[in-house]
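Enquirer: Okay, sequence plus prediction incoming.
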Amino acid sequence: MDLQGNRCGTAASIDVVRPRVMVVEYNHLWGPDRSVTVPYRPDFRANFGPYGADYAGASLSAFVKLARERNLRLVGCQAYGTNAFFVRNGLGEDLLPEVPPSQCFTHPRARFGMEQRLPNVIGMDWVEV
């Protein structure tokens, strides 16, 4: 299922599992506040700039919304602002408390993406979720 609720290929299997841990690669260009994704298209191809895939995936806030619907909470991100880690609610809150998305955008690479790379793709087809 994509972030807009549409069934799409094998990703629809998320409906039949209840993961304790979920790790996703997110698009850090949008920063901590915007909840956006590229629209689902079976023939989609990411748009790569000199620093990586700029037009691809979904923002961290979009994944946070999806995770909350699946009873998961954001517990942290990899330092460069690429991967986010979610844990099922009711498991290990004392060791892995929920963190706000803003904590995942402190590395200079994330700030560079928001400031320098986002303008190159902001006008492309994105969907608020």
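Expert: Looks like it arrived, so ask away.

Enquirer: hang on, L96 packs against L72?
Expert: No - counting by CB atoms under 8 Å, L72 is not a contact partner of L96; they are 11.2 Å apart. C-beta here means a position set from N, CA and C on the backbone, and glycine is covered the same way.

Enquirer: Who has more neighbours out of these two?
Expert: L72 (23 against 16; other CB atoms under 10 Å).

Enquirer: How much space separates the residue nearest to that one when sequence neighbours are not counted from L74?
Expert: Leaving aside its sequence neighbours, L72 sits nearest to F86 (CB to CB, 6 or more residues apart in numbering; 4.0 Å). From F86 over to L74 the distance is 6 Å, taken as CB to CB, to the nearest Å.

Enquirer: about what we covered before: residues that sit against both of L96 and L72, list them.
Expert: Taking CB atoms under 8 Å, 6 or more residues apart in numbering as the contact rule, L96 and L72 both touch V87.

Enquirer: In this structure, what helix or strand scores lowest on average pLDDT?
Expert: Here the helix or strand of the chain ranked lowest by mean pLDDT, DSSP states H and E is strand 47-49, holding a mean of 89.

Enquirer: could you pull out the helices for the chain?
Expert: With helices called from DSSP state H, the chain shows them at 60-69, 108-112.

Enquirer: Which residue, other than its chain neighbours, is closest to P101?
Expert: Nearest to P101 is P32, by CB to CB, 6+ apart, at 3.9 Å.

Enquirer: Do I have it right that the one you found meets S102?
Expert: Yes - between P32 and S102 there is a contact at 4.3 Å, judged by CB under 8 Å.
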